[in-house]
Each structure stands twice: as C-alpha cells, then as structure tokens.
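Student: pasting the sequence and the predicted coordinates here, then a few questions.
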Amino acid sequence: MPRRRALILALAGAAALLLALAPVASASWIRPESGGSPNANDISTLYTIVLIMGAVIFVLVEGLLVYSVVKFRRKRGGPEPTMVHGNTPLEVGWTIGAAVIVAVIAAITFIYLPKIKNPPNSSANGLQQLAGEDFASLNQPNPPNGKALRINVVGQQYIWRYDYIGAPRLTENRPVYAYYQMVVPTNTTVILQINSSDVAHSWWIPKLGGKADAIPGHNNYTWFKISKPGIYKGQCAELCGNNHADMLAEVRAVPPDQFKAWLTGQRQAILQSQQALAAQRKAGEGQ
Amino acid sequence: MRGLPDRKTGWLSWLSTTDHKKIGLMYIYATFLFFMLGGVEALMMRLQLAQSQNTLINPQTYEALVTMHGTTMIFLFVVPVLAGFGNYFVPLMIGARDMAFPRLNALSFWLLLFGGILFYASVFFTPPNTGWTFYAPLSDSAFNPSNGVDAWIFLIHLTGLSSILGAINFVATIHNMRAKGMGWARMPLFIWGILIYSYLLILALPSIAAAVTMLLTDRHFGTGFFDVAQGGDPLLWQHLFWFFGHPEVYIMILPVFGMISEIIPVFSRKPVFGYKAIAASTAAIAFLGMLVWAHHMFTTPTPIVVLAFFMLSSFAIAVPTGIKIFNWIATMWRGALVLKVPMYFAVGFIAQFVIGGISGVMSAVFPVDWQLQDTYFIVAHIHYVLFGGSVFGIFAGLYYWFPKMSGRMMNETLGKVSFWLMFLGFNMTFLVQHSLGLQGMPRRIYTYQSGYGWDVENLISTIGAFILAAGILVTLFNAVRSVKVGKKAGNDPWNANTLEWFVPSPPPENNFDVIPRIRSAEPMKDIRREVAAAGRPAGSVAQPVAPGT
Ligand code: HEM
Ligand SMILES: [Cu+2]
Ligand SMILES: [Cu+2]
C-alpha cells in the first residue's frame, strides 16, 4: 500500500510540475526567438516540447541524486550497505526507457520537419504575379504553387548583399541589389539562396527562423514569410574575421505596394549613381 | 633494496626520467600551468563582455583570446592531463612496474610541452584568431597570413604525435602487462576509460593530422584543397575537422567517466553497480562517437537525409551515456556515503554533466539546432560538458589521488570551500548563457549592441567567472600547501578497492616488490579480508617486506 501511495504521489508531482513548467516554458528568455515567420514559430514549438521532456528527465535525475546524497549518508555505527553488484531487469529497463525517449523525440521532430522546411504559398494580400526564376535547389522545396520572391544573399567581410533576382531587373543581366537592410513584402513567401564571396558566414535573423551557413562554392537555402510589417534584426553567426561582431543584418517587411515602390526607387537610385559615376569618370578622362 | 639503483633526485632526474610516475607528474604540472593560462584568457574575454559595446579589448585581441583559450583548454589541458593521470595510475592499477615503452613515454611528454611552447610563442608575433576550429577559408593564407595559424598547425602536429605515441603505449601496457588474474572483467573502470580513450585517439587523430597538413600546403605550397577557385572545397575542412573533433569530445570525457566510476563506489562503501554495463557503454559511446561528426554541421548546405542520419546517431549516444548516470546513482543508492571532497566533486560532476547531456540532445534535434548553432547556448553546452563534466571530474580525481602521489592528504575544509565556490561560480557563469543564446547572441563576438537586452545576463556571467576562478585558486593553494603540511596519508587513506592503494604513498620507483594475484574487480577488498582472517594487524601484508631490508 505505501508503495502504491508513493507512486501516486510521484505521478501527481510530475503532473503538477508539468503544469507549472508550461507557463515558464512559454517565457521568451527560455525559448528561441519567434513571431516573425511560421518556420521560426514551429522551431520554437518543437524546442519547447523537447525542453519539457528534458526538464522532466532533469528533475528525475537530479532528484534521485540529491535524495541519495541526503538519505544515504553514512551514520556512525550504522549497518554496512548490502553488496549489490547489479540488477539486470532494472538495467535493461532504463536502457529501453532511454531509447524510447529519444525515439519519441525523433518522431516528434519528423512530424514538425515538413512544416519547418516547406514554405507555404504567399497569401492573397501578398505580392502577386512574381516573375521569380527558379533556383536549382536540392535542399529547399518550393511553395505548392511554385511562386515566391527569390533573393540571392551574398556574405562578404563584413556586410550582407541582397540580389533581388526574382524582381524586375536593373539592366538586362543585373538584378536590383541592396546592402545590410533587406526590404521584403509582407504575406509573401520569400526564398533565400545564400552563398559567400570570401570566407564562411552564417545568415541568421532569429525571429525569421533558423540560420543557414554561407559557404564559398555552395548554395544554401532558407525561407520566411512575414505577416507583421516591421524590422527584424540579426547578425552573422559564423566567425568570419575580427569584425564578425559588426556584421549586422536586418529585414524590413512592408506591404506589397510599398515594396514595389521601394524596388522602383532602389533601381532608379542605383542607375543614377552609376550614371553619375560614369560621368565623373568621363570628366576625369577629359582632363 | 638490493640490486636496485638508488633513487635519482634533483632536477636533472626529471629531464632524463623514464619513470611513469615522474612523467605523469610532469604532465600534471605542465597541463595545470596551461589551465591557468587558458583561465586568464577566459577572464579577459569575460571582462570585455561584462557590458555592451565595451572597448576594453579590441576585436583582433578578442578573437585571438577565443582561439588561444579553446585550443589551450582542449589540446593543452584536458586531453594531456588525462594522459598524466593515466601515466601515473595505469601501471599502478594493473599491477605493472612501468609503462610498456618508458622512453617513448618520456618523448610523448616532451613533444606535448614543446608543442605548447611553440604555440604560445605566437603571442609574440600574431596569434591566430579563427576560433579553435580553424575553418577554411578563413584560416587560409588569403584571409589569414599571420604565422599564428602556422604555429597552431605545428601545435596540432606535435601534440597529436604526442597523443598517438602515448595512446599506443597505453594500449600495449594495458593489453600485456596486467597482473596475474586481472582478466578483462576485473580491470578497474578507469583503465577501461584510458584504454578506449587511447583507441579513440589512434582512430581520430590521423584525420586532423591530414587536415592541418593540407592546410599547411594550401597556405605555403600552392595547393588548393580548401580553395574554391582551385576546385577545392571549404566543407572538406569541416568534415575532416569534425571527424576528429567529435571523437575528441569523448576522448575528453571517457577517462573522466572512469575516474567517477572509481570514486563513487569507494565513497559509497558499495561495489559499483553494473560493472559490465559501464564498461560496455564506454565501448558503445566510443563506437557511436565516430558516427556523429556532422552534427556540428547542421547549418551547412547538406541534404536533409544526411542531417537526419546524424541526428539519429547522436540520439543513439544518449542511451549508453544515460546508462552510466543511472549506474552511478544506483551505486550510491542504499550506500553509506562518506562525503569527502572527492565525492563532492564526483556528485557535482554528475549534477552538471546531466545538464550538458540534456542540452546536447536538444541541439541534436537538427531543426532546433538551426536556432542554437553558433550561439551562446552552445557555449553553455560545451562548458557544461567540458568544465562541469570533465574538469569537475579531474578535480575529483586530483583530490582522490593526491594522497597517493604526494604521500599527504589535502585539506578537507579548503577543498569544500573550493568546491562550493566552483559550483556556484560555474553555474552562475554558464547557466545564463543558455538564455543569451536563445535571445540571439552569437558566439565569438567581441562585443554586442546595447538595447538587445543581453546586458544583465552577461554581467552575471562575468561575476560568476571570477567566483569560479577564486574557487580554482583555493584548490591550487590547497595542493601546494598540502605537499608541505598535509597529514600523512599512509598506503590506503580511503579504504579503496584498486591496486594503487596497495603500495606506499608515494610509491617506490619499482612500484611493487611483490605483485599480488588478482581474484576480483576489487583486489584491495580481498587483501583486507585476508589480512583480517589471518588475524594480523592491517598493513602488515599490504607491503611485504623484502628480505634483507
Ligand atoms: C575559467 C573558466 C572558464 C571561463 C570563464 C570560460 C569562458 C569562455 C569564453 C568567454 C569563451 C568564448 C565564448 C565566445 O566568445 O564564443 C569560451 C570558449 C570556449 N571554452 Fe571556455 N571558459 C572556461 C573554461 C573552459 C574549460 C575548462 C574548457 C575546456 C575544458 C573550455 C573550453 C572552451 C571552448 C572549447 C571554447 C570555444 C572556443 C572557440 O569558440 O573557438 N573553457 N570560454
Ligand atoms: Cu560573416
Ligand atoms: Cu561573421
């Protein structure tokens, strides 16, 4: 009977602990950043599930440890402990237990993986009729309808460059580009192709999902879809030289028509500065 | 002692010695010196990060400090200090009079020392600044002409050679020189740890030796193994590095598991629970440890099936690791715990290693790792495993074996003060770093913007680091002081189970005048029982007196 009561108490304790953990686990300082894009939210949920499982194991193991230290101290004149060398059923039991726990984590991961990896279609209020050209990508699935805004992200010491290859071009074979701040339309699926022109960097805006390394000679992919307009900050996550800490990045999400206006403006601005440069050069030659 | 030369003394005897105990001590002295250097580097970094946009240390120096610190702690402290304990105790614990190849053993030590000195010489020129992982192409001459990278390459070659020779020596010694009756199932668990550590070193080191040689020829002789422009591939570096780098993590923990498996039973007054399971899980961890390397590369452009494989293999390793933890707790269960300082550190080890294990499994979930990789969450994880785990275990071993090595006990009160300072300081420094990582703070940054909300946790972390350092200094003070004034230890102060406690402290140069026959995994228990049965005073059999002395 007392054994049964202890079991019930332990179960009740574990349940209470889980309930107590739930609000703690939702605090922002204990989970990865999220809220910008669905993939970031799903990673955060997956993380929280694993965290709670880990917390239960933590409490169990540390509890047993502390209990042993408190309870089994040597007492003066106490009996010698019995010389137990092992207990096969018990040992087989916790081996299987541990295997089951990691198998469950694996199963949950594979349930969440498609949502994290596969982008949805852009929403009706997103940017429509994207002329986007496809990346030849082995690792980044397309949205079901195949339409997304495609941006090529290039890491270089110590700034990020964005080529809007899925948008109207600057000239026939050059896309519009920008540095440091990436402007994107809201409610639109954006697929990033990431590479580097010098050393390894890593593209990371925490609220918009996981990071993706920029490795010279390789293309890496990720995506996001932002519903709330605003600025999302991040910074390079792979040591790329002494000023790695200064390699900041931000994504500014604006409604689709504002995005179109920005793109036209950016295109004009680049063309104008190129003309000015050409004129200057000519003037220089003329002297 | 007829027929034996007089024991040599004086400093020359240290330079020329081939005695495994002297070599072991030299390993321990040298590596603790490097531990101090690595610690000072760590404190300098923590000072710089104490507040946002701090300008105490410039970017170049900070990145050099990260690199020196990581390299020092791994290649010049944890791996070789374990070789030091192994050198001192393997022959004593298996009942041998020395290592199989004593002169090779001396060579291993000197290679290590010169590797370390050569690496530190770069401080006077341009120290390397690529992090301890030296990712190409950042470490290539185009982006890093500094000779610090070359100094690191030589460090890897010299310490790698040192480790391989040492490992071969351990393997030969353990396979061939065990006392009569010490079958595989009676071998102390620390010896299992050192044996498998040695096999892992032999398997893993060639990969990094090849990688740094390729880097060397890329840098100086025009090859392009890692240079895209010449048809090379930077990812090749990452694969070669981590094919070594992950087994390296187990190289740094398996002998410590062995120490813990020796200490817990002695201070629980109970035999170790599940001897065979602990030995077998050590082998299982080593085998699986060779198959998980790309979990350090989850954010690289790699197909999802590959990532899934490396997630599953990493999960598989959690099982044998969990087995060990349950076995240790089961050893303590219904024991009669003697809470001396070695036991404090052993229990602290378990408590902290569990946290590192859990954060490890979390990082093995690769979509989650896309957020965690290269952040302070990982910095916290590696320190929970390497510091909370390995270093706490090494301190447990130091307190446990100090009486054997020096003949004197360390002070218990100072030991407990040191433990509590280290325990508090360690957790204060590194627990909050999980949260910093989750809030987006990348590792290896020399500063961070104000207004990201990272200030308070960084300050806590820095204060914790100084408490931790104070705790370490108390132990060092304790050790230095106890050599002079510690209580005399006698042969067997802990009532321990293994053969090193059979001989005087410190042991004579030939270790054993008579090598006892081994009848179980706990030979000292048998000997004590025999002594009691014969009705003679304890200790009279423990060191039979040779005729003529
Ligand atoms: C005195 C206690 C220690 C403190 C305060 C400390 C602190 C630090 C700091 C501040 C970093 C740099 C984080 C970054 O900027 O990315 C770091 C990195 C590291 N530490 Fe420690 N550490 C300590 C002890 C140790 C020990 C004992 C080990 C190993 C046994 C260790 C292994 C490492 C490694 C491998 C790195 C990564 C280096 C890299 O990023 O290249 N640390 N530590
Ligand atoms: Cu970068
Ligand atoms: Cu960077």
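Tutor: Ah, there it is. Ligands and ions are numbered 1, 2, ... in the order given.
Student: so which bits of stretch B:200-220 are buried?
Tutor: B:200-201, B:203-205, B:207-209, B:211-212, B:214-216, B:218-219 (16 or more other Cβ atoms under 10 Å in any protein chain shown). Quick note: C-beta positions are derived from backbone N, CA and C, even for glycine.
Student: now for these: which two are most distant?
Tutor: Maximum pairwise distance among those (Cβ to Cβ): 28.4 Å, between B:L200 and B:R219.
Student: how about the residues of the stretch 401-549 of chain B by ligand 1?
Tutor: Within the stretch 401-549 of chain B, the positions lying close to ligand 1 (Cβ under 6 Å from any ligand atom) are B:429, B:443-444, B:465, B:468-469.
Student: try it again with 5 Å
Tutor: The stretch 401-549 of chain B has residues B:443-444, B:465 near ligand 1, with proximity defined as Cβ under 5 Å from any ligand atom.
Student: now chain B
Tutor: Within chain B, the positions near ligand 1 by Cβ under 5 Å from any ligand atom are B:39, B:42, B:45, B:66, B:70, B:73, B:78, B:131-132, B:379, B:386-387, B:391, B:443-444, B:465.
Student: quick one: the helices in the stretch 151-287 of chain A?
Tutor: Using DSSP state H, counting those that start in this stretch, the helices of the stretch 151-287 of chain A run over residues A:256-286.
Student: returning to what we had before: helices - which of the buried residues of stretch B:200-220 land there?
Tutor: Judged by DSSP state H, these include B:200-201, B:203-205, B:207-209, B:211-212, B:214-216, B:218-219 as members of helices.
Student: show me what residue of the stretch 101-250 of chain A gets nearest to ligand 1.
Tutor: When distances are taken as Cβ to the nearest ligand atom, the stretch 101-250 of chain A reaches nearest to ligand 1 at A:L239, 7.4 Å away.
Student: excluding chain neighbours, what is closest to that residue?
Tutor: Leaving out its chain neighbours, the residue that sits closest to A:L239 by Cβ to Cβ, 6 or more residues apart in numbering or on different chains is B:R444, at 4.5 Å.
Student: burial check on the closest residue to ligand 2 within the stretch 351-500 of chain B, number of neighbours?
Tutor: Here the stretch 351-500 of chain B gets closest to ligand 2 at one residue, B:P442, 9.7 Å apart by Cβ to the ion. Residues lying near B:P442 (other Cβ atoms under 10 Å in any protein chain shown) number 27.
Student: mind listing what the closest residue to it other than its chain neighbours touches?
Tutor: Computed as Cβ to Cβ, 6+ apart, the closest residue to B:P442 that is not its neighbour in sequence is A:A237, at 4.6 Å. Listed by Cβ atoms under 8 Å, 6 or more residues apart in numbering or on different chains, the contact partners of A:A237 are A:201-204, A:211, B:299, B:373-375, B:442.
Student: may I see the buried residues of the longest helix seen in chain A?
Tutor: If you go by DSSP H, chain A has its longest helix at helix A:38-71. Neighbour-count burial for helix A:38-71, counted by 16+ other Cβ under 10 Å, picks out A:38-55, A:57-58, A:61, A:64-65, A:68-69.
Student: are it and chain B in contact anywhere?
Tutor: Yes. Using Cβ under 8 Å from any Cβ of the partner chain, helix A:38-71 reaches chain B at A:40, A:42-44, A:46-47, A:50-51, A:54, A:57-58, A:61-62, A:64-65, A:68-69.
Student: for the record, mean pLDDT for that helix?
Tutor: Confidence for helix A:38-71, expressed as mean pLDDT, is 96.
Student: so which elements touch that helix?
Tutor: helix A:2-25, helix A:88-117, strand A:220-225, helix B:304-332, helix B:341-364, helix B:366-372 (3 or more Cβ pairs under 8 Å, 6 or more residues apart in numbering or on different chains; DSSP states H and E).
Student: run the chain-centre distance for the last one.
Tutor: Going by Cα atoms, centre = their mean, to the nearest Å, the spacing between the C-alpha centre of helix B:366-372 and its chain's C-alpha centre is 27 Å.
Student: got the contact list for residue 85?
Tutor: Using chain A. B:271, B:273-275.
Student: was after chain B, sorry
Tutor: By Cβ under 8 Å, 6+ apart, the neighbours of B:F85 are B:24, B:28, B:255, B:259, B:394, B:397, B:401.
Student: I'd assumed the third one was in a helix, is it?
Tutor: Which is B:P255. Yes. With DSSP: H, G, I helix; E, B strand; the rest coil as the criterion, B:P255 is part of a helix.
Student: how about the residue nearest the centre of chain B: what's its closest non-neighbour residue?
Tutor: Closest to where the C-alpha atoms of chain B average out (Cα atoms, centre = their mean) is B:V78, at 3.2 Å. Distances taken as Cβ to Cβ, 6+ apart place B:M252 nearest to B:V78, at 4.6 Å, with adjacent residues excluded.
Student: quick check: phi and psi on the one you found?
Tutor: Note on B:M252: backbone dihedrals following degrees, to the nearest 10 are phi -80, psi -10.
Student: ok, A:A148 next?
Tutor: The phi/psi pair for A:A148 (degrees, to the nearest 10) is phi -160, psi 160.
Student: show me the contacts for the residue nearest to the centre of chain B.
Tutor: Contacts of B:V78 (Cβ under 8 Å, 6+ apart): B:252, B:386, B:390-391, B:394.
Student: let me know the closest of the residues you listed to ligand 3.
Tutor: Taking these together and measuring to ligand 3 by Cβ to the ion, the closest member is B:L386, at 23.8 Å.
Student: Three-state assignment for the closest one, please.
Tutor: helix.
Student: contact partners for it?
Tutor: B:L386 neighbours (Cβ under 8 Å, 6+ apart): B:73-74, B:78, B:252.
Student: state the pLDDT value of it.
Tutor: pLDDT at B:L386 comes out at 97.
Student: please tell me how far it sits from B:E500.
Tutor: Distance, B:L386 to B:E500, by Cβ to Cβ, to the nearest Å: 26 Å.
Student: again with B:P145
Tutor: Distance, B:P145 to B:E500, by Cβ to Cβ: 50 Å.
Student: kindly report the same for B:F114.
Tutor: 30 Å.
Student: more neighbours: which of the two?
Tutor: Neighbours were counted for B:F114 and for B:E500 using other Cβ under 10 Å; B:E500 has more, 26 against 15.
Student: what is the end-to-end distance of stretch B:481-490?
Tutor: End-to-end distance of stretch B:481-490 (Cα to Cα, to the nearest Å): 18 Å.
Student: residues in contact with B:A185?
Tutor: Going by Cβ under 8 Å, 6+ apart, the list of residues near B:A185 reads B:275-276, B:279, B:521.
Student: which one of those is nearest ligand 1?
Tutor: For those, the nearest to ligand 1 is B:A279 (24.9 Å; Cβ to the nearest ligand atom).
Student: count the residues that sit near the residue nearest to the closest one when sequence neighbours are not counted.
Tutor: With Cβ to Cβ, 6+ apart as the criterion, B:A279 has its nearest non-adjacent residue at 4.8 Å, and that residue is B:W192. Neighbour count for B:W192, taken as other Cβ under 10 Å: 23.
Student: what helix or strand does B:W192 sit in?
Tutor: helix B:189-220 (DSSP states H and E).
Student: let me see the contact set for B:V319.
Tutor: A:95, A:98-99, A:102, B:284.
Student: separation between it and B:M441?
Tutor: 32 Å.
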